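Participant: here's my sequence, what's the structure:
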Amino acid sequence: MQEDFDQEDTQETPSGMTVESALHEIGWGKYSTMLAVWGSVGSAMCGMHTMSGFFTTLPHEVVCREGTVCQGSAPSLEDFCDDIPHFNETWMLGGHAKSTVTEWGACHDTWIGPLAGALFFMGWFVGGVLSGTLSTKHGRKTISFILILGASLSLALSSVSSNLGMYFSSRFLDGCCIGGLSLVSYILATESVSIAYQPKLGTLILGTFGVGETLLVPIAYWVPEWKAFSLLISLLCLPCVFWYWYIEESPRWNAAAGHKGAAEVSLQKIAATNGVSLSDGTLKEVPTVQGSADESMMSLFRHSVIRTRTLVMCFTWFACSLSYYGLNFAAGSLGGNLYVNAAVIAVIELPAYVLQYFTTESPKIGRKGSMLWGLGVGGSCCLLYFVFYSMGLDDLGRVFAFVGKFGVTVAFSLAYIWGSELFPTSVRSTAMGLSTASARIGGLSAPFIASKGASSLIVFGVCLVTSAFLCSLLPETINTTLPESLADLQKPKPAVQSAYSADSAEEIPEGVATLEESLN
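Facilitator: Sure, this is the predicted structure:
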């Protein structure tokens, strides 16, 4: 049965070729490189917008009054606010940054930052749901560029906010746009290349999210006034709009939506840009894999095997999102210089993505081994940070916190790949949608938990270690045939060549293991 499906899906017929066979023939070239640059710039923009709220809501700092001699270290903000008359002669509220908190908040108003962060991730959740639906109906390209403009305008709106209500509203709108853009632009990019190149392109795009976070730190230091900082970040997004006239609509979406002629035109333009002439310019009907009528959301919980995978992956996505963003927001609580901490936490993501790419393609390590390593290292280092912090060894503790972020990044990026491969095609989109919804809950919780200071890393560590134990119950998926339906989970899984190998001599069936399908 599976052999019949593979043969039907991959062989060219007199009526034309599939989108995948056309993209396979086109290969990688000038257009693919341009697409990679656009997707990477967009991902970096998403990283900058996501973490910009951290710098625009920095709390008050207690600093020494000018003209006075201060003995010892500055009191904590909590102690200062509790007994201002006692400290007021030598200490005062001040600091390098000028944030929404220092402009509108009172001494004890430490809730502004966590609430702004939670509203951003709430918008991310709403934007992800709406943009997924809209991009399915109206196309990836149009929605992507609308979201780019929306993100730029919403952040610009925050820069002219006259009160906290206006600022909170703009952060929610920015979250809606960034949440949608991070999904739709990724899908547009990966759908426009052959499946053989999708892992490399996907890793590059996901990795540049950390590049955006890294570039944000020096900008925040050099532009400490939050309104000017927000306006500058919003303007940096605008160059992405000019790619509209060079990026083609996803040929896979055009074909799936019944726009056969538009898909053929897109493929011809992509081929021409890459300097390739297609052997056959016409497309045949794209076969689809249909699940049984009952394979819906409830099917994820009715079948024991799939129920275990669903619950484990939902918790894993929650733990990864909570810890990933929580460590970013906790940069000011780790001791030392806030800007140095934020820079290291961002930069350390880059080698993590490189390691993740190579280990997941290694038969000796695979998806499961890489995930267990990332979760185990991330969780253990978060717990060790608190141990050394409690002993007064702040510098050593920070090192473990940074390594913890490295491990979390490996695990979080791998959740996209391994998570999609664990579920049959018939319920993959539903399962991944539920998993990413769990991640948004983690993102919503992260600012509030991170505001608790060093003790927040205990929560991160426990969640990650627990997730590592649960993931050990799941199977490895590298070099195995991906299931098409729930019934396939009961069948033996024959070893096959990795569907993600660019050196594969055989063409990969369209729609069998595509990451963008799982995220759509």
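Participant: CA only for contacts and neighbour counts going forward, please
Facilitator: Will do.
Participant: so which residues of the stretch 101-250 of the chain form helices?
Facilitator: Per DSSP state H, counting those that start in this stretch, the stretch 101-250 of the chain has helices spanning 112-138, 140-159, 164-191, 198-222, 226-236. These are given in chain order.
Participant: which of those helices sits closest to C314?
Facilitator: Taking CA to CA, helix 112-138 is the member of those nearest to C314, at 14.8 Å.
Participant: buried sites along the closest one?
Facilitator: Of all the residues in helix 112-138, those buried under the rule 16 or more other CA atoms under 10 Å are 112-129, 131-132, 134-136.
Participant: so what secondary structure elements neighbour it?
Facilitator: The elements that helix 112-138 packs onto, with contact taken as 3 or more CA pairs under 8 Å, 6 or more residues apart in numbering; DSSP states H and E, are helix 30-56, helix 140-159, helix 164-191, helix 425-450.
Participant: what residues sit buried inside the shortest one?
Facilitator: When you say that, I think you mean helix 140-159. 140-141, 143-145, 147-159.
Participant: on that earlier part again, tell me which of the helices of the stretch 101-250 of the chain lies nearest to G379.
Facilitator: helix 198-222 (20.0 Å).
Participant: now do that closest one against helix 30-56, angle only.
Facilitator: 40 degrees (axes from the mean of the first three to the mean of the last three CA atoms, to 10 degrees).
Participant: elements contacting helix 198-222?
Facilitator: Looks like helix 198-222 contacts helix 30-56, helix 164-191, helix 338-347, helix 349-360 (3+ CA pairs under 8 Å, 6+ apart).
Participant: can you pull up the most central residue in the protein?
Facilitator: L206 (6.4 Å; CA atoms, centre = their mean).
Participant: confidence score at it?
Facilitator: What the model reports for L206 is a pLDDT of 81.
Participant: wait, doesn't it sit right on S413?
Facilitator: Yes - L206 lies in contact with S413 (CA atoms under 8 Å); the separation is 7.4 Å.
Participant: identify the contacts common to those two.
Facilitator: When CA atoms under 8 Å, 6 or more residues apart in numbering defines a contact, no residue borders L206 and S413 alike.
Participant: V387: which of the helices and strands packed on helix 198-222 is closest?
Facilitator: That would be, of the helices and strands packed on helix 198-222 and by CA to CA, helix 338-347, which comes in at 18.7 Å.
Participant: residues touching that closest one, excluding its own?
Facilitator: By CA under 8 Å, 6+ apart, the residues outside helix 338-347 that reach it are 210-211, 213-214, 217-218, 221, 327-328, 331-332, 334, 402, 405.
Participant: and for stretch 30-46?
Facilitator: 178, 181-182, 185-186, 189, 192-193, 201, 204-206, 208-213, 236-237, 240, 243, 247, 270, 273-274.
Participant: what are the buried residues along that stretch?
Facilitator: Residues of stretch 30-46 classed as buried by neighbour count (16+ other CA under 10 Å): 31-32, 35-46.
Participant: now M371: which helix or strand?
Facilitator: Per DSSP states H and E, M371 falls inside helix 366-390.
Participant: okay, the angle between that helix and helix 349-360?
Facilitator: Using the same axes, to 10 degrees, helix 366-390 lies at 140 degrees relative to helix 349-360.
Participant: quick check: buried residues in helix 366-390?
Facilitator: Across helix 366-390, burial judged by 16+ other CA under 10 Å covers 366-386, 388-389.
Participant: ditto for stretch 179-187
Facilitator: For stretch 179-187, burial by neighbour count (16+ other CA under 10 Å) applies to G179, G180, L181, S182, L183, V184, S185, Y186, I187.
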